[in-house]
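Enquirer: What follows is a predicted protein model with its sequence.
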Amino acid sequence: MLTTRFVDGAPNWVDVGTPDIDGATSFYDALFGWRFRSAGPDAGGYGFFQLDGRTVAGGMQTTPEQGPPSWTVYFRTTDAQATAKAAEQAHGRVLLPPMDVMGQGTMAVLADQAGVAFGLWEPALTKGVDMADEPGSLCWVELYTPDIAAAAAFYRTALGLETSAAPFPGGTYTCVNPAGGGEEAMFGGIVPLADDPAETGSDPYWLPYFEVTDVDAVVAEATARGGGVRMPATDVEGVGRIAKLADPYGARFAVIRSIPREA
């Protein structure tokens, strides 16, 4: 599970790049109740999506030259320079070198061995998002990739992540957790791109999941506001009810109402 007790290798930030930040704000407000707050005049248009005053994600308006509209998942590191170097040695690439962000932390954007973009966040004043694993916040991430073994090897080298196999309806699911974290620290999975009908024709990518109280209501709201349904609301045994969506600009994300965990 994701928590705000961040450890190295676990997601600690997520943000969306969009051609219309006002339109995106309206869309995510309708779905999750998010409000957008600018990070200030020196932030290049970057800002924070907040729920009840707590930051759940970031966002900014982007141009076509900066890539298609998309969500980016960031992983915690205590040394962004060293992590970027390790990623390069594992056949990844540095898309945006580590840079200080107004004293809040150090960020970088990398690509894994399959070309999937992901971020690094080395915390300083800002440790990460203020909410996780609660309604309206990030609760899980999945990597859709053509080669699970190659991806697992890359992220083990770059971020120290561990993988394990878990029984899943119709097969086996590859779970991911920080080094030494065990089952309680699992925050995501690695999924074969070719095995998921919702991903037909898709490039490999990281998919963020946001917890919600009513998946069907969120799907209906997303559709009414110009979003796309990439996988309709579906019950997954032992997991919960999920749906894969896209916002009106094409940024992909998923929502889930998780089955309550046993105490």
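Expert: Received the coordinates, thanks.

Enquirer: Ends of stretch 187-202, what's the gap?
Expert: 23 Å (CA to CA, to the nearest Å).

Enquirer: gap between that stretch and the chain center?
Expert: Centroid separation for stretch 187-202 versus its chain: 14 Å, with CA atoms, centre = their mean, to the nearest Å.

Enquirer: Show me what that stretch is in contact with.
Expert: Stretch 187-202 is contacted by residues 1-2, 10-11, 140-146, 148, 151-152, 163, 171, 173-178, 204, 230-231, 244 when judged by CB atoms under 8 Å, 6 or more residues apart in numbering. (Each C-beta comes from the backbone N, C-alpha and C, glycine too.)

Enquirer: which among those end up buried?
Expert: 2, 10-11, 140-145, 148, 151-152, 163, 173-178, 204, 230, 244 (16 or more other CB atoms under 10 Å).

Enquirer: Point out the ones among those residues that are inside helices.
Expert: Counted as lying in helices by DSSP state H, out of the buried ones among the contacts of stretch 187-202, are 148, 151-152.

Enquirer: Measure how buried Arg156 is and give me the count.
Expert: 16 (other CB atoms under 10 Å).

Enquirer: would it count as being in a helix?
Expert: Yes: Arg156 sits within a helix when classified using DSSP: H, G, I helix; E, B strand; the rest coil.

Enquirer: Can you name the residues bridging to the residue lying closest to it once chain neighbours are set aside?
Expert: Closest residue to Arg156 apart from its sequence neighbours, by CB to CB, 6 or more residues apart in numbering: Glu162 at 7.0 Å. Beta-bridge pairing for Glu162 (DSSP bridges): Asn177.

Enquirer: Contacts only, for Glu162.
Expert: Neighbouring residues of Glu162 by CB under 8 Å, 6+ apart: 156, 176-181.

Enquirer: in the stretch 51-200 of the chain, which spans are strands?
Expert: Secondary structure of the stretch 51-200 of the chain (DSSP state E, counting those that start in this stretch): strands located at 54-61, 70-76, 93-100, 105-111, 117-123, 138-145, 162-168, 171-177, 188-192.

Enquirer: Deepest-packed of those strands, please.
Expert: strand 138-145 (a mean of 24; mean count of other CB atoms under 10 Å).
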